[in-house]
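Asks: Below is the sequence, then the predicted model.
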Number of protein chains: 2
Amino acid sequence: MVRYPDSLKVFVAIDCIIFGFDGKDLKLLLVKRKLEPESGNWSLMGGFLFPNEDLEEGASRILKDLTGLTNIYCEQLTVKGEKNRDPGSRTVSVVFFALIKIEESDQESVKNHNAFWIELDKRPSLIFDHNQMVLEAIDHLRYKAALHPIGFELLSETFTIPQLQKLYEAIYNVPIDRRNFSRKLLSTSLLIDTGMKNIHSTTKKATLYRLDKVRYNEKFHAFWNFMADAMK
Amino acid sequence: MVRYPDSLKVFVAIDCIIFGFDGKDLKLLLVKRKLEPESGNWSLMGGFLFPNEDLEEGASRILKDLTGLTNIYCEQLTVKGEKNRDPGSRTVSVVFFALIKIEESDQESVKNHNAFWIELDKRPSLIFDHNQMVLEAIDHLRYKAALHPIGFELLSETFTIPQLQKLYEAIYNVPIDRRNFSRKLLSTSLLIDTGMKNIHSTTKKATLYRLDKVRYNEKFHAFWNFMADAMK
DNA sequence: CCAAAAGTGTTGTGTATACACCCATGT
DNA sequence: ACATGGGTGTATACACAACACTTTTGG
């Protein structure tokens, strides 16, 4: 077996861009670093790839460690390998894009990592090339949510159509017609009426739906048209 | 500055999935390996990331080396990091997706690398996880060509609408209505009439168009609707 | 009774499809 | 003249956006 020169070897890092939605604003889960390098500065949650794990396993490990959750929507977003992106040592970073249901995450665990849910529009500047990663992630969220039903990954198990609408309005920062949005969503056959109502409302109580997971999995990769015009 | 343990370091490879279109069939540019490991077997064109180059530079270098071309449509497709994907040594591979105008490539250079344009449907089994990479690339081609005007990257500078149609029929393996396809493409404002005709035709000579590159660059990331229904 | 939010209905406009028909070219 | 392929026209169906109206709830 041929041996390659070890001088070609580099570190492989994993960085996670973690989105959440609190019913009003889109948020990012960011870490105020306690370790060198860049101690005290803000960054994405990350770590090095371990010798005994695949890339996706590494991302799952990091996300589980931070949030306590296992079944997180998570996909590769990009790889960053610019020569001098990490001043310490040549490091290639695999960036993952994750969507979290905030209220299901372990707030204790988040606090222990010195991590905070920060409104997207109020995020601080991040270390290295993490700012650029976040910009690409926002683009990706807008892109993907227009064509595929990923919005549900940011909501609770049960949700109302007005809640879903507020989410899309936050993602695209545009007002949406309530009536057309409702009809469009109901026509997807993705929503199952739970028979319950949102008791927290002070006016007319909205119907609580849950996702039809069978149909969701079957048709996830089809092209939907949630906000396709927002990308025009 | 903190030092990380060198035991975490891995090799980073670059693999390129290179599509071409000869007017009739979609093709892949594949290499019959002359070096160990896996000498004599088929693989994607690839190499290791050099210490002095960024990822995209590495991909450009490999593509230039093989085809002689510099301005190739090329984007990151995915990263493969499965623990045992390379039996030699732990290697993370960044996979690039490239679209080539076959007739503009340097056939001598291709031949010197023992590379061959092979019809997609007749491709041999490839080494390592390269088969899986190709499957994902075909999916990506179908996905992206439905929404963005990437088909032009596979055609010559000037082309006819019937040629474009044959390309889309090859990508999606479906017949397309000539008249509706023509009107749809003309309505994009992406085509500029060159005033010339395709002299190679034995019947009525089709109009030769070229791409409006200004509009192409401006609106590339908008959502088009070339074959969106093929993904439903 | 009123304000605010949820839910349903209607109508016009534009886009996509399924067709029919005409034109140009070489044999 | 005729077969083959290129180019244009049109009617229909369907999806979407814009708007009006009704219902529920708490105060």
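Replies: Okay, I see it.
Asks: C-terminal to the helix or strand hosting A:A146, what's the next element?
Replies: Assessed by DSSP states H and E, A:A146 sits inside helix A:130-147. Downstream of helix A:130-147, the next assigned helix or strand under DSSP H and E is strand A:158-159.
Asks: For the helix or strand following that following strand, buried residues please.
Replies: Using DSSP H and E, the helix or strand that follows strand A:158-159 in sequence is helix A:161-172. Of all the residues in helix A:161-172, those buried under the rule 16 or more other C-beta atoms under 10 Å in any protein chain shown are A:161, A:163-168, A:170-172. C-beta coordinates here come from the backbone N, C-alpha and C atoms, glycine included.
Asks: re the thing from before, does the helix holding A:A146 reach DNA strand D?
Replies: No. For helix A:130-147, no contact with DNA strand D is found by C-beta under 7 Å from any atom of the strand; the gap never falls below 11.0 Å.
Asks: So of the buried residues of helix A:161-172, which two are at opposite extremes in space?
Replies: Based on C-beta to C-beta, the longest span within the buried residues of helix A:161-172 runs between A:I161 and A:Y172 and measures 16.5 Å.
Asks: would you list the buried residues of helix A:161-172 in JSON lines and tack on pLDDT and distance to chain B?
Replies: Output for the buried residues of helix A:161-172, formatted as JSON lines (pLDDT from 0 to 100; distance: C-beta to the nearest C-beta, whole Å):
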{"residue": "A:I161", "pLDDT": "98", "distance to chain B": "23"}
{"residue": "A:Q163", "pLDDT": "98", "distance to chain B": "25"}
{"residue": "A:L164", "pLDDT": "98", "distance to chain B": "21"}
{"residue": "A:Q165", "pLDDT": "98", "distance to chain B": "21"}
{"residue": "A:K166", "pLDDT": "98", "distance to chain B": "23"}
{"residue": "A:L167", "pLDDT": "98", "distance to chain B": "20"}
{"residue": "A:Y168", "pLDDT": "98", "distance to chain B": "16"}
{"residue": "A:A170", "pLDDT": "97", "distance to chain B": "20"}
{"residue": "A:I171", "pLDDT": "98", "distance to chain B": "15"}
{"residue": "A:Y172", "pLDDT": "97", "distance to chain B": "13"}
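Asks: How about chain A: which residue is closest to DNA strand D?
Replies: A:K204 (3.1 Å; C-beta to the nearest atom of the strand).
Asks: Helix, strand, or coil at that residue?
Replies: coil (DSSP: H, G, I helix; E, B strand; the rest coil).
Asks: so what's it up against?
Replies: With C-beta atoms under 8 Å, 6 or more residues apart in numbering or on different chains as the criterion, no residue contacts A:K204.
Asks: Distance-wise, check it relative to A:I138.
Replies: Applying C-beta to C-beta, to the nearest Å, the value for A:K204 to A:I138 is 33 Å.
Asks: so what secondary structure elements neighbour the strand ranked longest in chain A?
Replies: What stands out as the longest strand in chain A, according to DSSP state E, is strand A:11-21. Here strand A:11-21 touches strand A:26-32, strand A:45-48, helix A:55-67, strand A:91-99, helix A:130-147, going by 3 or more C-beta pairs under 8 Å, 6 or more residues apart in numbering or on different chains; DSSP states H and E.
Asks: between it and strand A:26-32, how many degrees?
Replies: Compare the direction of strand A:11-21 with that of strand A:26-32 by axes from the mean of the first three to the mean of the last three C-alpha atoms, to 10 degrees and you get 140 degrees.
Asks: Pairing partners for strand A:11-21, with directions?
Replies: strand A:26-32 (antiparallel), strand A:45-48 (antiparallel), strand A:91-99 (parallel) (DSSP bridges).
Asks: Out of those strands, the one nearest DNA strand C is which?
Replies: strand A:26-32 (18.7 Å).
Asks: returning to what we had before: next, format the buried residues of helix A:161-172 as CSV and append distance to DNA strand D.
Replies: Supplementary listing: the buried residues of helix A:161-172 in CSV, determined by distance: C-beta to the nearest atom of the strand, whole Å:
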residue, distance to DNA strand D
A:I161, 14
A:Q163, 17
A:L164, 15
A:Q165, 13
A:K166, 17
A:L167, 17
A:Y168, 12
A:A170, 18
A:I171, 15
A:Y172, 12
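Asks: Show me the subset of those residues that also lies near DNA strand C.
Replies: Checking the buried residues of helix A:161-172 against DNA strand C (C-beta under 7 Å from any atom of the strand), the matches are A:I161.
Asks: Out of the buried residues of helix A:161-172, which is nearest to DNA strand C?
Replies: Closest to DNA strand C, out of all of the buried residues of helix A:161-172 and judged by C-beta to the nearest atom of the strand, is A:I161, at 4.7 Å.
Asks: ok, now which ones touch the closest one?
Replies: By C-beta under 8 Å, 6+ apart, the neighbours of A:I161 are A:181-182, A:185-186, A:191, A:206-207, A:209.
Asks: Tell me which entries of the residues you listed lie within strands.
Replies: Among these, the members found in strands (DSSP E) are A:191, A:207, A:209.
Asks: I am finished for the moment; much appreciated.
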